[in-house]
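> Here is my input, please return the structure:
(2 chains)
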There are 2 protein chains.
Amino acid sequence: MTTSQPLQGKTVAILAADGVEQIELTSPREALEQAGATTHLISLEAGQIQSMKGDIEPKDKYSVDKAVAGASADDYDALVLPGGTVNPDKLRLSDDAMSFVRSFYEGGKPIAAICHGPWSLSQIGGVTGLKLTSWPSLRRELELGGAQWVDQEVVQDKGIVTSRKPDDLPAFNRQIVELFAASGRYQR
Amino acid sequence: MTTSQPLQGKTVAILAADGVEQIELTSPREALEQAGATTHLISLEAGQIQSMKGDIEPKDKYSVDKAVAGASADDYDALVLPGGTVNPDKLRLSDDAMSFVRSFYEGGKPIAAICHGPWSLSQIGGVTGLKLTSWPSLRRELELGGAQWVDQEVVQDKGIVTSRKPDDLPAFNRQIVELFAASGRYQR
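I've put the predicted structure just below:
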């Protein structure tokens, strides 16, 4: 990086619902904002979402910037999909949420998903032929969907960054800042 | 039924972990015990498990009767797999838990799974060619695994009963009491 604000002028969508793992929402968001990006928390509805620690301990609530039905991928340079088991399990049942994810995927825009976040990519049929990682409970579905699943702290393929768990956040955050700064468009 | 205690003398294993949906644990358990069965709550470890309501509101804790590593399917006539998103997401990562489920499956014993419970059947490769239902978020994985997924309150195929959600519990409970009372062994 030749600048300390490599994401200046960029706007990043973070798509999450109730049950998001708190640190997987706050840590990437902070890294992106420190790098100069504007971030918007997009969710199923306006209002607040309930974050969790370790999936079963309720933590802080976070204000939603925009409901996904009214959001357009055209307004964003990149997409982040945090984990927490319950969060993407809810997102995948929303046609609006999956259309939003598909627009980034098909538009070749950078996408980052951690932990259970890759479920949204699986739901839109976006993991076929993709090298990726995730929380290990997703492995079976992702492999059935044609992904090459690997056990690494961070993986990047076709402009899609994935990590396994909160411990991987330092590597995940470094990689997404670098990827989002590159302003590439990716064939998928 | 010709008796009010059709499950007298039978012992049923209920396999669940932290994050179990409370009503999907308590309601089948009560129905089975009212029908005369003895039930054991089996989990990943001894102690207690944390139940939830709607996946994100912590409710009561329940005492574990036996850790799965020390449990044998030989001691049980049937298996119940409750839902709650986080619960089976944890179970599927435990070799001991999946061996326990596989013993029921391969032994042809009756199995019942509700909501997210069928993930355990998917993890052991047990849904291929099976007609079943589940919480709709599982549909993609189950279909990728070769299941015939249907949207019904209760489904029975090859001695495996499945339902979608808490609203289906009355139909689920009636069906599992009838199935477990039949004492059949099922080809899978």
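
> and the most centrally placed residue in chain A, what are its bridge partners?
Note on chain A: the residue nearest the mean C-alpha position is A:L81, at 1.8 Å, using CA atoms, centre = their mean. When bridges are called by DSSP bridges, A:L81 pairs up with A:A113.

> ok, it touching A:V101?
Yes. The criterion here is CB atoms under 8 Å, and A:L81 meets it with A:V101 at 7.4 Å. Placement of C-beta: from N, CA and C, glycine included.

> any shared contact partners between the two?
Residues touching both A:L81 and A:V101 (CB atoms under 8 Å, 6 or more residues apart in numbering or on different chains) are A:L15, A:I111, A:S120, A:L121.

> give me the number of residues near the residue nearest to A:L25 when sequence neighbours are not counted?
Take A:L25 and drop its neighbours on the chain: the residue closest to it by CB to CB, 6 or more residues apart in numbering or on different chains is A:P82, 4.8 Å away. Neighbour count of A:P82, defined by other CB atoms under 10 Å in any protein chain shown: 28.

> ranges for the strands of chain A?
Here chain A has its strands, by DSSP state E, at A:11-15, A:20-21, A:38-43, A:48-53, A:57-63, A:66-67, A:78-81, A:111-114, A:131-132, A:148-149, A:155-157, A:160-163.

> Next, the angle from the fourth one to strand A:38-43.
Think strand A:48-53. 90 degrees (axes from the mean of the first three to the mean of the last three CA atoms, to 10 degrees).

> Return the distance of strand A:48-53 from the chain's centre.
How far strand A:48-53 lies from its chain's middle: 16 Å, per CA atoms, centre = their mean, to the nearest Å.

> Give me the spatial nearest neighbour of A:Q156, chain neighbours excluded.
Among residues not flanking A:Q156 along the chain, A:Q175 sits closest, at 6.1 Å (CB to CB, 6+ apart).

> I'd like the distance between that neighbour and A:P136.
Distance, A:Q175 to A:P136, by CB to CB, to the nearest Å: 20 Å.

> residues contacting the residue nearest to the centre of chain A?
A:L15, A:A16, A:P88, A:V101, A:I111, A:A112, A:A113, A:I114, A:G117, A:P118, A:S120, A:L121.

> Return the per-residue confidence for A:M1.
pLDDT for A:M1: 48.

> What of the one 10 residues further on?
At A:T11 the predicted local distance difference test score is 98.

> Just give the nearest non-adjacent residue to it, would you?
In space, and not counting its chain neighbours, A:T11 is closest to A:T38: 4.6 Å by CB to CB, 6+ apart.

> quick one, what contacts the one you found?
Going by CB under 8 Å, 6+ apart, A:T38 touches A:K10, A:T11, A:V12.

> quick revisit: just the contacts of A:L81 now: which is nearest chain B?
Using CB to the nearest CB, the shortest approach to chain B within the contacts of A:L81 belongs to A:P88, at 8.8 Å.

> thinking that closest one is in contact with A:S122, fair?
No. With contacts counted by CB under 8 Å, A:P88 stays clear of A:S122, the gap being 9.2 Å.
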